[in-house]
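>>> Kindly return the folded structure for what I paste below:
(chains A and B)
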2 protein chains.
Amino acid sequence: MSEPLHHDLSAGTERLATDRDVIGLLGLIAYTELATFGRLATDAANAPTLAQRHQLSRHAGRMLARHELVLERIADLGGDPEAEMGAFDGIFDDFESRTPSSTWWEGVLKGYVGHGVADDFCRLAADGLDDRSRDLVLAILSDGVDSERSATVIADAAAADPVLASRLALWGRRLVGEALGLVQSLLAEREGLSRLLADGAGHRTEAGTPGSADVTGTAADRQAWVFSQLTAEHTRRMGRLGLAA
Amino acid sequence: MSEPLHHDLSAGTERLATDRDVIGLLGLIAYTELATFGRLATDAANAPTLAQRHQLSRHAGRMLARHELVLERIADLGGDPEAEMGAFDGIFDDFESRTPSSTWWEGVLKGYVGHGVADDFCRLAADGLDDRSRDLVLAILSDGVDSERSATVIADAAAADPVLASRLALWGRRLVGEALGLVQSLLAEREGLSRLLADGAGHRTEAGTPGSADVTGTAADRQAWVFSQLTAEHTRRMGRLGLAA
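Prediction:
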């Protein structure tokens, strides 16, 4: 590797995460963005109208551009982009098989909720990164403000059809439950992610961020805090769609 | 419109195509690229391996970038990009319903053959465009040299599996027949495309291009010539895949 991967954010904190963990998180993000691209583009191809096909295709293209940026950063850090993505191959299979969507709208909402939770989780884990990687990850993920635009497809339809809105609200609750289950598996199976979250908690404790888990907390405490953060974001996200969370 | 759309390529030839026809062809190309993007991205999402998913996703992203360039050109010419694409909405529906693919490989080959024929047809029609639009169209379409890369997915698999290769060769013949049927419908229903092809034939006659249909030929002559060109390109394309045409 050609450069130091992290700089201590405070002299008082010992980092738990390793350089490998940093690259590992980037691999997760790259894999997630590729999966999101595939889902959005497929939804786009099957959209009811040309305007929706066009709008969702553009959005998918932006996700692919993000993905490429993350791969570049992995290579910069001396990692093998394909291998780092490959380490996460299949992580969504269980989530997908547990949430078969019965309509196009349910599929679009699944992509939106699933991607939203994944983004939020990566944002939390990014708090444990070195400054430069964290800035890159946050810049990439907050390009997702744009992604809210794809949500107008759902919001418009839900506003026009109360029955659809009510079905989608129910579906959203199902989806977030399954998504949190996936996060739980990831935390149990990927120790690097746990270390990043622990470091992130440390940074937040020093910064005095209210509501953050204490650095001295247990892994279970941290997981509970992560879930509460992800759930709160999900509620806001559903609110933007005009759907009850 | 803010600029003249065409410049006489020769003083001796009267153009048949109108400015509207030029924008119309760009609309067809934009629509085709968007459809190709959707097909490739869907194939990518369902690809057997992560490496294939990655390779095909990137290729899909390039098709989307082409699509955006064509939309920009339509807007430059004073056209409404959404409306021009919309004029072709659904043109592939019949082709799709007549060629249900029974395996992932058949789907990928369908995209490759269908897109190849569409590109070749647009290239022939582009011969009837003004210089600037033609240059843009040809630059966009020949970025498709790149697209040959996606064909390595098929070529590699066919080389490793003679039974698959033989089934795909048969499938390719079916596909090109249906694609030529689609071209025939387009020529019958879209007079602007016929006018562009007639102008293109005129340009080739003046340039003395061997084998080109004479400008004085009938529409049926030109269609026969278009079919012979598309068939010859298809044969070369299948050859690059190691498949008998």
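>>> and A:T49, backbone torsions?
Backbone torsions of A:T49, given as degrees, to the nearest 10, read phi -120, psi 160.
>>> Quick check: it vs B:G239, distance?
Plainly put, A:T49 is 39 Å away from B:G239 if you go by C-beta to C-beta, to the nearest Å. Where C-beta positions appear, they are placed from N, C-alpha and C, glycine not excepted.
>>> What parts of chain A come near chain B?
By C-beta under 8 Å from any C-beta of the partner chain, the part of chain A that sits against chain B consists of A:34, A:37-39, A:41-42, A:44-45, A:50-51, A:53-54, A:57-58, A:60-61, A:64-65, A:67-68, A:82, A:85-86, A:89.
>>> Quick one, which of these are buried?
When the residues of chain A next to chain B are checked for burial by 16 or more other C-beta atoms under 10 Å in any protein chain shown, the buried set is A:34, A:37-39, A:41-42, A:44-45, A:50, A:53-54, A:57-58, A:60-61, A:64, A:67-68, A:85-86.
>>> on that earlier part again, and the residues of chain A next to chain B, which of them are in helices?
A:34, A:37-39, A:41-42, A:44-45, A:50-51, A:53-54, A:57-58, A:60-61, A:64-65, A:67-68, A:82, A:85-86 (DSSP state H).
>>> Domain-wise, how is chain A divided?
A:17-89, A:103-130+A:145-244 (the TED database).
>>> By mean pLDDT, show me the worst of the ones you listed.
Here these differ in mean pLDDT, and the lowest is domain A:103-130+A:145-244 at a mean of 85.
>>> quick one, what contacts the residue lying closest to A:G38 once chain neighbours are set aside?
The shortest distance from A:G38 to any non-neighbouring residue, by C-beta to C-beta, 6 or more residues apart in numbering or on different chains, is to B:A45 (3.1 Å). Neighbouring residues of B:A45 by C-beta atoms under 8 Å, 6 or more residues apart in numbering or on different chains: A:38-39, A:41-42, B:53, B:57.
>>> Can you report how many residues lie near A:E178?
17 (other C-beta atoms under 10 Å in any protein chain shown).
>>> What does it show for phi and psi?
When read as degrees, to the nearest 10, the backbone of A:E178 gives phi -70, psi -40.
>>> and the gap between it and A:Q184?
Taken as C-beta to C-beta, the span from A:E178 to A:Q184 is 11 Å.
>>> Then A:S194?
Going from A:S194 to A:Q184 by C-beta to C-beta gives 11 Å.
>>> And these two? Which one has more around it.
A:S194 (22 against 13).
>>> Please look at that one and A:A219 and confirm they touch.
Yes. Here A:S194 reaches A:A219: they are 6.0 Å apart, a contact under C-beta atoms under 8 Å.
>>> Could you identify the helix or strand that succeeds whatever helix or strand A:A188 lives in?
Per DSSP states H and E: A:A188 is located in helix A:162-189. Downstream of helix A:162-189, the first helix or strand assigned by DSSP H and E is helix A:191-207.
>>> May I see the buried residues of that following helix?
A:192-205.
>>> so which strand or helix has A:V226?
Here A:V226 is assigned to helix A:219-240, by DSSP H and E.
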